[in-house]
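Novice: One predicted model, sequence on top.
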Amino acid sequence: MQLHDTLTNALQDVQPINKVVTIYSCGPTVYDYPHIGNWYSFVRWDILNRALLQNGFKTNWVMNITDVGHLVSDEDDGQDKLEKGAKREGKTAWDVAEYYTDYFTKGLERLNFSKITMLPKATDNIPEQIELVKILESKGHTYVIDDGVYFDTSTIEDYGKLAQLDLKKLRAGARVELNPQKKNLTDFALWKFSPRDEKRDMEWPSPWGTGFPGWHIECSAMSMKFLGETISIHAGGIDHIPVHHTNEIAQSESATNKPFAKIWVHSNFILVDGKKMSKSIGNFYTLEDIEEKGYTLDAFRLLVLSSKYHTEAQFSWEVLGSFQIVLNKLNAWSDLQFQGLESSELVTSYKDSISSIKKEIANNLNTPRVLGLINGMLNKTTELGIDSNAIKDAAIQIDALLGLTLSLRKDINKAQKVKLANRKKARALNNWAESDAIRDDLLKEHIEIKDVLGNQIWNRN
RNA sequence: GGCGCUUUGGCCGAGCAGUUAGGCAGAGGUCUGCAAAACCUCGUAGAUGGGUGCAACUCCCAUAGGUGCCUCCA
C-alpha cells in the first residue's frame, strides 16, 4: 500500500513496525464543536485505517485529544484555546475539555469510525512531556526566557524540512514583531509559565516553574509513549505542516536521533461554497447542521470519499444533496439482500469487484475511483440478475472498507410482508386498484415498491 | 509585502502526453396496466496567452481567479 508522503513529496510504501502499522493522527482541540472541515480530515484517517486492515495489515492507531496548551495563535503569545473557551462559557477549562471530549467521542460513533486504539489526553501525560523537555535540555536544544522554555531551532541542521521552509525568506516576509527574547523567529515554546498574577485552571509544577506544556510537545511525547520512537504514519491536516508538524519533527528527532515518522500524510481543506470555512462568513457547519437539513452522515461520508485527500475539496448543500441521492441508491441496493433472489453469476462478479476495490484504495487511498468501481458493481446487479446473499456479503465488505452502514439495513416486518403477498395476488387477477392501494399504503410506511422483471422489489426510504 | 498550492463539461470529481473515468442534475428514447426502477443515446470539458513535443487536459513560462502559510477563526 502506498501513500503520498509530504516529506519526500512522493508515493511511499507503508512500512509496518514490528509487523504492525503504527498511526498517529493529530486529534481535536476540545474547546468548541468540531466543524465538518475537522471531521473531513478525521474521516480520511478512518479510511486509512480501514484500507490497511482490509489489505491485511495490523494497525495501531492513536489519536490525541488536545485539552491544554493549544494557543489561539500558533505563535506563542496567544491565549490558550481551552482557557479562552472556559471564560466564554463561564466554566473551568477542565469542564470545557470534558464536555467537548465527550461530544467528540460520540461524534466518532455517529460517523461510524473504525476502532481507534487509543485517544489519550494531553493532560493525562504531563510527566512524559516534562521528561521529553528535560532530554532536550540535556542535549542543549533549549533556553529559558521570561514566559517559558523554548526550543532553539538554530541547534539543528534540517529545521523546516517538512514544509521546505526557507528560513531567510520567512524572516524577510514576516510582518510580526519578533519577541525580543526569542533567539530565532522559528523557536517555539516547550513549556509555558503561568502568568505571575493569575492562577490558571490548568497548571502543573515543573523543574522550570509552574505552567503548562506547549502545544507541540504533547504529540511528540504521546506518540513516542504509545507507539515508539519511530512510527509508520503520522497524519494531520495540511495546516499542521509549517508549524505543528515541523516542530514535532524538530523536538522528537533531536531527542531520539531517529526518524519520527516514516510517512507524513496531510489532508487538504474542504471549501464551503468555494470559500474557506469561517465563523464570520457563516459557512461554519457541524454534524447537527447536516442532520437538521435532512441529510445523513453516511451521505457526508460519501462526499468526503468523492475526492482524494491530497486535493482541495468542495462542500455545498447542493453537493451534499447529490451524494444523498447516491447513498439512497446504495441503500435500495442493500435492501435487495432480504428479497430471496439468486444469481450465481453475480457472486463471481462481486468477488472480482471487491478485490479490485481493495487494490484501488491501497493506491494512495483513491476513494473517487473506488466509488466508480462500486457504481460499476451495482450496474452488474441488474445485468446479471440479483443475488441476495451476494449483496449481503458485498454490503458488509463495502462497509468495512468505507465505514458506511449499508449492511445494517433491516428487513420489512411480517405485516408488511403480508401486504406484499396480497398485492401479488391482486396483480395476478389484474386488480390494479387493489395493487395500487397497497403500494400507496406501504409508501406511508416508507416502503417503496417497484415492479421489476415480474418481481415486486421493495426498498426502505 | 514574502513563499507555496490550485483552476477539468450546469455541479462534484479521477486517471492519463496519443484509446470512455465515474457520479449528480438535464434532454430524448426502450420497457411498462399505472408509477417507479433499469437500460440506451446526447451535450462532446480541461481558466487565459504563449512555448516544448510527431502528439498536451496531462510538461514548461507568463497572466488572471481561488486558496494556504507567514498574521485571530482548521
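Specialist: Alright, I've got the coordinates. Numbers count the residues shown, from 1 in each chain, chains lettered A, B, ... in the order given.
Novice: And the helices in the stretch 301-450 of chain A, which stretches?
Specialist: With DSSP state H, counting those that start in this stretch applied, the stretch 301-450 of chain A shows helices at A:317-335, A:344-362, A:367-384, A:388-402, A:414-428, A:432-444, listed in chain order.
Novice: buried ones in the last one?
Specialist: Right, helix A:432-444. In terms of neighbour count (16 or more other CB atoms under 10 Å), helix A:432-444 has its buried residues at A:435, A:438, A:439, A:442. Heads up, the C-betas are built off the backbone N, CA and C, glycines and all.
Novice: To residue A:214, which of the helices of the stretch 301-450 of chain A lies closest?
Specialist: The minimum distance between residue A:214 and the helices of the stretch 301-450 of chain A falls on helix A:367-384, with 35.0 Å, by CB to CB.
Novice: average pLDDT across the closest one?
Specialist: Taken as a whole, helix A:367-384 carries a mean pLDDT of 87.
Novice: again with stretch A:40-56
Specialist: When pLDDT is averaged over stretch A:40-56, the result is 95.
Novice: centre of the chain versus it, how much separation?
Specialist: Once both centres are worked out by CA atoms, centre = their mean, to the nearest Å, stretch A:40-56 turns out to sit 9 Å from its chain's centre.
Novice: Can you list phi and psi of residue A:117 for me?
Specialist: phi -60, psi -40 (degrees, to the nearest 10).
Novice: Can you tell me the number of residues neighbouring it?
Specialist: Around residue A:117 there are 16 other residues, counting by other CB atoms under 10 Å.
Novice: Spell out which residues of the stretch 301-450 of chain A are next to RNA strand B.
Specialist: Within reach of RNA strand B by CB under 7 Å from any atom of the strand, the stretch 301-450 of chain A has these residues: A:303, A:306-308, A:311-314, A:316, A:318-319, A:321-322, A:325-326, A:329, A:366, A:368-369, A:371-372, A:375-376, A:379, A:382-383, A:427, A:432, A:435-436, A:439, A:448-450.
Novice: coming back round to it: comparing the helices of the stretch 301-450 of chain A, which comes out most buried?
Specialist: Ranked by mean neighbour count under mean count of other CB atoms under 10 Å, the helices of the stretch 301-450 of chain A are led by helix A:388-402, which reaches a mean of 20.
Novice: Now do that one: which elements does it pack against?
Specialist: Contacting helix A:388-402 under the criterion 3 or more CB pairs under 8 Å, 6 or more residues apart in numbering; DSSP states H and E are the following elements: helix A:36-54, helix A:317-335, helix A:344-362, helix A:367-384.
Novice: Take those and write them to CSV, including distance to residue A:461.
Specialist: Written out in CSV, the entries for the helices and strands packed on helix A:388-402 read as follows (distance: least, CB to CB, whole Å):
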stretch, distance to residue A:461
helix A:36-54, 25
helix A:317-335, 7
helix A:344-362, 24
helix A:367-384, 17
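Novice: contacting residues around the residue nearest to residue A:438 when sequence neighbours are not counted?
Specialist: Residue nearest to residue A:438 in three dimensions, not counting chain neighbours: residue A:423, with 4.2 Å by CB to CB, 6 or more residues apart in numbering. Residue A:423 sits next to A:434, A:435, A:438, A:439, A:449, A:456 when contact means CB atoms under 8 Å, 6 or more residues apart in numbering.
Novice: now, among these, which is nearest to residue A:68?
Specialist: When the contacts of residue A:423 are compared for distance to residue A:68 (CB to CB), residue A:449 wins out at 56.5 Å.
Novice: Distance check, the closest one against residue A:342.
Specialist: In this view, residue A:449 and residue A:342 are 21 Å apart by CB to CB, to the nearest Å.
Novice: out of the two, which sits in the more crowded spot?
Specialist: Under the criterion of other CB under 10 Å, the comparison of residue A:449 against residue A:342 puts residue A:449 first, with 19 against 12.
Novice: Contact partners for that one?
Specialist: By CB under 8 Å, 6+ apart, the residues touching residue A:449 are A:420, A:423, A:439, A:442, A:443, A:456, A:457, A:458.
Novice: Mind picking the two most distant members of those?
Specialist: A:443 and A:457 (13.9 Å).
Novice: Setting aside sequence neighbours, what's the nearest residue to residue A:399?
Specialist: Across the structure, with CB to CB, 6+ apart as the measure, the residue nearest residue A:399 apart from its sequence neighbours is residue A:407 (4.7 Å).
Novice: number of nearby residues for that neighbour?
Specialist: One way to gauge burial is a neighbour count; for residue A:407, by other CB under 10 Å, it gives 17.
Novice: Show the model's pLDDT score for it.
Specialist: What the model reports for residue A:407 is a pLDDT of 94.
Novice: RNA strand B versus that one, what's the distance?
Specialist: Distance, residue A:407 to RNA strand B, by CB to the nearest atom of the strand, to the nearest Å: 20 Å.
Novice: Verify the stated contact: that residue with residue A:396.
Specialist: Yes: with contact defined as CB atoms under 8 Å, residue A:407 counts as touching residue A:396 (4.5 Å).
Novice: All good on my end, thank you.
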